[in-house]
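Trainee: Below: sequence and its predicted model.
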Amino acid sequence: MLERMRTTGRFAPSPTGVLHLGNLRTALASWLSARATGGRWLVRMEDVDGPRCRRDLGEVQLGDLATLGLASDEPVVWQSDRGAAYRGALEALHAEGRLYPCACSRKDLLGLASAPHLEDGLRPYPGRCRDQAWEGFDRALRLRLPEGAVAWTDRLLGAQVDDPAGLTGDPLLFRRDGCFAYHLAVVVDDGAQAITEVVRGADLRAITATQIRLQEALGLPRPAYAHLGLVTTPDGNRLGKRAGALGLDALANRGVAVQEILGWLGWTLGCLDRPEPCAAGALISRFAWDRVPPGEVRVPQAWT
Ligand code: GLU
């Protein structure tokens, strides 16, 4: 019998609010995908954006995952503890001449009115500071992207070709306020945790090529990707992470049981023919990426 590749998956929320149904759907899909191959599933708290993240919110998120029956196979990694690894990655990139200091303020960048407005309001950095001389690690730092498009495959969306220069431009890896930036932390940690599959919301699809370029620059392997359609309100609006926004507590207050939520999530992931109450473990044998519908999903009216 052919041995199936065991997946190491991860769920990597930012502890900036309550996990809503879209986040929970991502968590469940990544867990099911890992479990369906007999693989490992890890939770990582992406609290690298210091001022916006709160440890207590992270603990609440972990509690919600546990309520669904999803627990990390290894101790949860908090990115706020990983500064030394991120600094090491910056030093390696600098040794290769890949970093430059960026003096542009947020205001300068907002002033780039002529920059095309792309998916999700993403504005590519136009490389204004590319010729700045190195001034040390205490400046805002960007990665110099190589030219050209990146071809990659999404488990749900199929073959993708993106030019990261036109989507993000040279990504910021270290911020003026002394925080390591999201792109750096996510790529370094996926590498350090030997993640083989990244499952996340479709709103992050457009930054994937940039993260692949950063993996290449750091000599890290490329994981598989799956970008799940977003979960919206019944009238099609995006769910936000604001307190109580369709998380487990809000749903419990409306009388929706956890098993009902799992059954609905499992149904939206193609594991069930209709939404019927069940436990997470009952969905594992039914999970397959080719059964997951790629589009957006609307929350039932009765839950809002
Ligand atoms: N921390 C990100 C978020 O909560 C997810 C990043 C990722 O999965 O790569 O949206």
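Mentor: Right, received. Where do you want to start?
Trainee: When you work out contacts or count neighbours from here on, use the C-alpha atoms and nothing else.
Mentor: OK.
Trainee: Which residues are in contact with E147?
Mentor: A165 (C-alpha atoms under 8 Å, 6 or more residues apart in numbering).
Trainee: same question but for F174, I mixed them up
Mentor: Counting by C-alpha under 8 Å, 6+ apart, F174 has contacts R139, A140, L141, R142, F180, A181, L184.
Trainee: What about these, which are in strands?
Mentor: Mapping the contacts of F174 onto strands (DSSP state E) picks out L141, R142.
Trainee: Scan the contacts of F174 and report the most crowded one.
Mentor: Within these, neighbour counts (other C-alpha atoms under 10 Å) peak at L141, which reaches 28 neighbours.
Trainee: If that residue is in a bridge, with which residues?
Mentor: Counting by DSSP bridges, L141 forms beta bridges with P101, F174.
Trainee: That one is in contact with R175, isn't it?
Mentor: Yes - counting by C-alpha atoms under 8 Å, L141 does reach R175; the two are 6.7 Å apart.
Trainee: Which residues of the stretch 51-200 of the chain lie near the ligand?
Mentor: R200 (C-alpha under 6 Å from any ligand atom).
Trainee: same thing but 8 Å
Mentor: Counting by C-alpha under 8 Å from any ligand atom, the stretch 51-200 of the chain comes close to the ligand at Y182, V186, V198, V199, R200.
Trainee: residues touching L218, list them.
Mentor: A89, A92, L93.
Trainee: Quickly note the distance from it to D81.
Mentor: 20 Å (C-alpha to C-alpha, to the nearest Å).
Trainee: do the same with G240
Mentor: Here the distance between G240 and D81 works out to 27 Å (C-alpha to C-alpha).
Trainee: Which of those two has more residues huddled nearby?
Mentor: G240 (17 against 10).
Trainee: Then that one would be within a helix, right?
Mentor: No - applying DSSP: H, G, I helix; E, B strand; the rest coil, one finds G240 to be coil, outside a helix.
Trainee: Go ahead and confirm it touches V18.
Mentor: No - in this structure G240 lies outside contact range of V18 using C-alpha under 8 Å: 9.0 Å.
Trainee: what about the residue in the chain that the ligand sits nearest to, neighbour count?
Mentor: Proximity of the chain to the ligand (C-alpha to the nearest ligand atom) peaks at P13, 3.7 Å away. The tally of other residues near P13 (other C-alpha under 10 Å) stands at 22.
Trainee: got it, and D154?
Mentor: Here the number of neighbours of D154 (other C-alpha under 10 Å) works out to 17.
Trainee: and it, what does it touch?
Mentor: Contacts of D154 by C-alpha under 8 Å, 6+ apart are Q160, A224, Y225, A226, H227.
Trainee: got it, and G63?
Mentor: Neighbour list for G63: empty [criterion: C-alpha under 8 Å, 6+ apart].
Trainee: Select, from the residues of the stretch 51-200 of the chain next to the ligand, the two members most distant in space.
Mentor: The distance between the two most remote of those (C-alpha to C-alpha) is 16.2 Å, for Y182 and V199.
Trainee: before we move on, the earlier item: return the subset of the contacts of D154 lying in helices.
Mentor: Of these, none are assigned to helices by DSSP state H.
Trainee: coming back round to it: anything in contact with each of G240 and V18?
Mentor: With C-alpha under 8 Å, 6+ apart, G240 and V18 have no common neighbours.
Trainee: Quick check: which ranges of the protein have low pLDDT?
Mentor: Under the criterion pLDDT under 70, the flagged ranges of the chain are 1-4, 111-122, 241-244.
Trainee: Now do the strands in it.
Mentor: Secondary structure of the chain by DSSP E: the strands cover 8-11, 40-45, 77-78, 99-101, 141-143, 150-154, 158-162, 172-174, 197-201, 224-228, 231-232, 297-298.
Trainee: a markdown table for the ones you listed, including distance to E260?
Mentor: Listed next are the strands of the chain as a markdown table, based on distance: least, C-alpha to C-alpha, whole Å:
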| stretch | distance to E260 |
| --- | --- |
| strand 8-11 | 22 |
| strand 40-45 | 23 |
| strand 77-78 | 30 |
| strand 99-101 | 49 |
| strand 141-143 | 45 |
| strand 150-154 | 29 |
| strand 158-162 | 31 |
| strand 172-174 | 41 |
| strand 197-201 | 22 |
| strand 224-228 | 21 |
| strand 231-232 | 16 |
| strand 297-298 | 16 |
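Trainee: Now do the same contact list for the residue nearest to the spatial centre of the chain.
Mentor: Geometric centre of the chain, nearest residue: R200, 4.8 Å, by C-alpha atoms, centre = their mean. Contacts for R200 (C-alpha under 8 Å, 6+ apart) come out as F11, T26, A226, H227, L228.
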